Structure formats: structure tokens, C-alpha cells
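Student: Need a 3D model of the following:
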Amino acid sequence: MQTLEYRHLDETPFASLLDLRGKVAVVTGGSSGIGLDISRRLAQAGARVVIGSLARERTDELLEAGLAVSFVATDVSRREQIERLATEAGGQGGLDIWVNNAGIYPLKPVEAVDEDFWDRMQAINTRAAFFGAQCARVQMLRHGRGGSIVNLSSVCGHRPMANHVTYDTSKGAILAMTRSLAKDLSRDGIRVNSISPGLTATPGNLEPELFRQHQQNRVLENIPLGRPGEPFEIANVALFLASPLASYITGTDITVDGGWLLHGS
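Tutor: The predicted structure is shown next:
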């Protein structure tokens with residue numbers, strides 16, 4: 001029969017709770033946008049970060065800053081390339097952190113969505129996250145240290161917007177997948193959580209057509225904090241979830257949206 005035992009306050013120095021030295025992290029789509037800032041923040045905390053993306057894009061900025069970052073060309077819509085990414089990261093002394101950040105955000109009204117559009121959205125935004133977690137688990141178990149998986153969802157997974165049906169579906173699936181994986185992988189000492197960013201000031205969100213969609217959906221005027229989020233603000237939460245500070249958190253989604261969801265619909 002299990003018993004409860006009171007444990008005194010952990011005496012671990014606070015600074016060490018955000019110290020990722022000796023850890024290896026993978027960030028898919030980590031060479032631009034939110035992923036770039038996640039890669040930067042994890043590396044600043046001491047992790048060796050392996051970026052898995054189609055193109056290097058701004059990866060060299062991190063290298064020039066003296067951060068421990070490497071790049072592996074990766075098409076996350078192909079499982080074998082995800083597996084190669086995980087194996088390469090695991091070969092650097094183990095794998096501790098996996099961030100499923102890669103995603104696409106094209107929008108079409110319901111009547112314009114065809115099979116190819118639907119399948120590509122789900123392949124990159126949803127299927128890749130599952131196989132990323134699956135391949136990460138293999139490497140994490142190989143080195144016996146457990147680990148942390150962080151999935152990028154979206155406020156659009158919580159609340160629909162016009163012309164977002166394929167994207168909203170993909171991000172809603174991430175929320176359900178996160179909870180299910182958290183339950184299944186807890187036995188392996190692997191925590192699984194997700195982040196749901198709101199409108200964030202990335203190059204993609206500032207493109208004219210997409211920004212027009214945000215205006216049509218009255219996004220900015222419904223954000224209580226009165227501004228878009230910055231990529232580093234999402235990255236800060238990813239660092240928290242990957243770190244020992246979140247050691248008792250799994251199966252949880254954290255919205256980072258400036259209060260946008262407070263408006264409901």
C-alpha cells in the first residue's frame with residue numbers, strides 16, 4: 001500500500017534548475033521563427049542543440065554567437081529523415097529534449113481544400129510530431145535518462161478562426177496527442193507537454209495576406225495585453241518545460257497568447 005511522505009523543500013540552487021549543460025536537444029524547424037528562438041534559448045542554457053530543418057536559414061546567427069548548435073537537413077514529412085535526425089542527436093552523448101516545432105500555416109476556405117493540401121498540412125504539423133516523439137523515445141531510452149518532449153500547438157487548436165480548418169485541425173490534434181503521449185511515455189520517465197502560442201511576431205505572420213486574415217478575425221483587438229507575442233516569449237516557456245523546473249509537469253498545454261483566449265469566441 002502506498003503512503004504519502006512529506007518532503008522538505010528541495011535545496012537545489014535555483015540557477016541550476018535552468019542549467020541544461022550536458023543535455024542534448026533537438027528542435028525541428030529550429031532555424032527560423034519561433035523555432036530559432038527556442039534553439040537559441042536552449043543553447044544559451046547550455047544544451048547542445050541539433051536543428052532539424054529543410055534549410056539552414058538563420059542557423060549561422062547562433063553559431064556566430066558561439067552557441068553549441070549543429071544543423072541536420074531534415075524533411076519532417078518523411079519518417080526516415082526524422083529517425084536519422086534523432087539518431088544523429090543521440091550519437092552526441094544521448095538525447096534529453098525534443099521540440100516538435102516544425103509547421104506550416106497556409107490558409108484556404110473549406111471549398112478550396114483538396115486532398116494534397118489536407119495531407120501536406122497533417123503530414124508536417126501532426127504526423128511529424130508523432131514520429132518525432134516516437135524516434136526521440138528510442139534515443140532517450142537508449143541512454144536511460146528519461147527526457148522532455150515539447151510540442152508546438154496553437155491557440156487555433158483551442159478556438160477556430162475563419163479559413164483555418166486544416167490548420168486548426170492539425171493543432172487540435174497536437175493537444176490530444178500530447179495528453180496521450182504523456183500518459184504512455186510516463187513509464188519511461190519522459191514528460192510530454194505542449195505550448196499554444198497566440199499571434200506571434202514572426203516573419204510568416206507579418207506577410208500581407210496572413211496579416212489581413214488576422215485583421216479579419218479581429219485578433220489584435222482581442223488581445224488584452226495589446227500586442228503580438230515575441231518569439232523569445234514562446235522560447236522562454238519551452239525552456240521552462242524542458243528544464244528541471246517543470247519536473248512534475250506532463251500532459252499539460254500552456255497558452256502563451258497575451259490573454260487572447262479570455263475572449264472565448
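Student: partners of the longest strand seen in the chain, with directions?
Tutor: Ranked by residue count and defined by DSSP state E, the top strand of the chain is strand 190-197. Strand 190-197 has the following sheet partners, assigned by DSSP bridges: strand 147-152 (parallel), strand 253-256 (parallel).
Student: Comparing those strands, which comes out most buried?
Tutor: Greatest average neighbour count among these goes to strand 147-152 (a mean of 26), per mean count of other CB atoms under 10 Å. The C-beta positions use only the backbone N, C-alpha and C, and glycine is treated the same way.
Student: got the angle for the helix or strand immediately after that one in the chain vs strand 190-197?
Tutor: Using DSSP states H and E, the helix or strand that follows strand 147-152 in sequence is helix 165-185. Helix 165-185 and strand 190-197 are oriented at 160 degrees to each other (axes from the mean of the first three to the mean of the last three CA atoms, to 10 degrees).
Student: Check which residues of helix 165-185 are buried.
Tutor: Using 16 or more other CB atoms under 10 Å as the test for burial, helix 165-185 gives 165-175, 177-179, 181-182, 185.
Student: Run the chain-centre distance for stretch 141-156.
Tutor: Here the centre of stretch 141-156 is set off from its chain's centre by 8 Å, with CA atoms, centre = their mean, to the nearest Å.
Student: what's the span of that stretch, first residue to last?
Tutor: Chord length of stretch 141-156, first to last residue, is 33 Å (CA to CA, to the nearest Å).
Student: on that earlier part again, can I get the strands paired with strand 190-197 in CSV with mean pLDDT and distance to residue 230?
Tutor: Below are the strands paired with strand 190-197 laid out as CSV (pLDDT from 0 to 100; distance: least, CB to CB, whole Å):
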stretch, mean pLDDT, distance to residue 230
strand 147-152, 98, 15
strand 253-256, 98, 10
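Student: Including distance to residue 50, could the ones you listed go into a markdown table?
Tutor: Below are these laid out as a markdown table (distance: least, CB to CB, whole Å):
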| stretch | distance to residue 50 |
| --- | --- |
| strand 147-152 | 14 |
| strand 253-256 | 24 |
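Student: any weak-confidence spans in the protein?
Tutor: Along the chain, the parts satisfying pLDDT under 70 run over 1-4, 6-9, 206-211, 214, 216-217, 264-265.
Student: for it, what spans make up the helices?
Tutor: Assignment of helices within the chain using DSSP state H yields the ranges 33-44, 59-64, 79-90, 115-122, 128-143, 165-185, 208-216, 231-242.
Student: For residue 97, which of the ones you listed is the nearest?
Tutor: With CB to CB, the closest approach to residue 97 among the helices of the chain belongs to helix 231-242: 4.6 Å.
Student: Near residue 194, how many other residues are there?
Tutor: 28 (other CB atoms under 10 Å).
Student: tell me which residues form a beta bridge with it?
Tutor: residue 151, residue 253.
Student: Surely it touches residue 176?
Tutor: No: using CB atoms under 8 Å, residue 194 is not in contact with residue 176; the gap is 10.0 Å.
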